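Chemist: Show me the folded form of this:
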Amino acid sequence: MAVIVNVEVRGQTEAGYDGMLNALADLARQADGFVLHSAYVVDGQWRVVEVWRSKAEADRFFARCVAPHLPPGVHPKRTLHEAHSLITAAPRAASVS
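Modeler: This is a model prediction of the structure:
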């Protein structure tokens, strides 16, 4: 079953997050099991929400791709929760203009 990954990233800056996103977005899109990624700030603290098809795929991507790019002193707190359900958008036929 899919997993929801919640990440609290204390010490991260907007520039640091944007740099990581720039380096990792294409890798995430191509990673086995990747569904979505979103980030936002609450009370000056960065938070990330991701959905992956499995815990193993989420953990593998974090270890191989995210951890090596973390700025010094940034230690994300990750929590994973098994999703009860997952609904994704239906594929849309290409329109002809």
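Chemist: in this structure, which helix has the most residues?
Modeler: Longest helix in the chain, counting residues (DSSP state H): helix 14-30.
Chemist: Against which helices or strands is it packed?
Modeler: Helix 14-30 sits against strand 34-42, with contacts defined as 3 or more CB pairs under 8 Å, 6 or more residues apart in numbering; DSSP states H and E. No exception for glycine: its C-beta is placed from N, CA and C like everyone else's.
Chemist: How about residues contacting the strand it packs on?
Modeler: By CB atoms under 8 Å, 6 or more residues apart in numbering, the surrounding residues in contact with strand 34-42 are 2, 14, 17, 21, 25, 28, 46-53, 57, 61, 86, 88.
Chemist: Try it again at 10 Å.
Modeler: Strand 34-42 has contacts (CB atoms under 10 Å, 6 or more residues apart in numbering) with 2-5, 7-9, 12, 14, 17-18, 20-21, 24-25, 27-29, 46-53, 57-58, 61, 83, 86, 88.
Chemist: in the next helix or strand after that strand, what counts as buried?
Modeler: Toward the C-terminus, strand 34-42 is succeeded by strand 45-52 as the next helix or strand (DSSP states H and E). Residues of strand 45-52 classed as buried: 46-48, 50-52 (neighbour count, 16 or more other CB atoms under 10 Å).
Chemist: Just the CA atoms of strand 45-52, as PDB, please.
Modeler: The C-alpha trace of strand 45-52 is given here as PDB (Å, rounded to 0.1, in the frame of the first residue of the first chain):
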ATOM      1  CA  GLN A  45       9.800  25.700   9.600                       C
ATOM      2  CA  TRP A  46       9.800  23.800   6.300                       C
ATOM      3  CA  ARG A  47       7.600  20.800   5.900                       C
ATOM      4  CA  VAL A  48       7.400  18.300   3.100                       C
ATOM      5  CA  VAL A  49       4.700  15.900   2.200                       C
ATOM      6  CA  GLU A  50       5.400  13.000  -0.300                       C
ATOM      7  CA  VAL A  51       3.400  10.000  -1.400                       C
ATOM      8  CA  TRP A  52       5.200   6.800  -2.500                       C
END
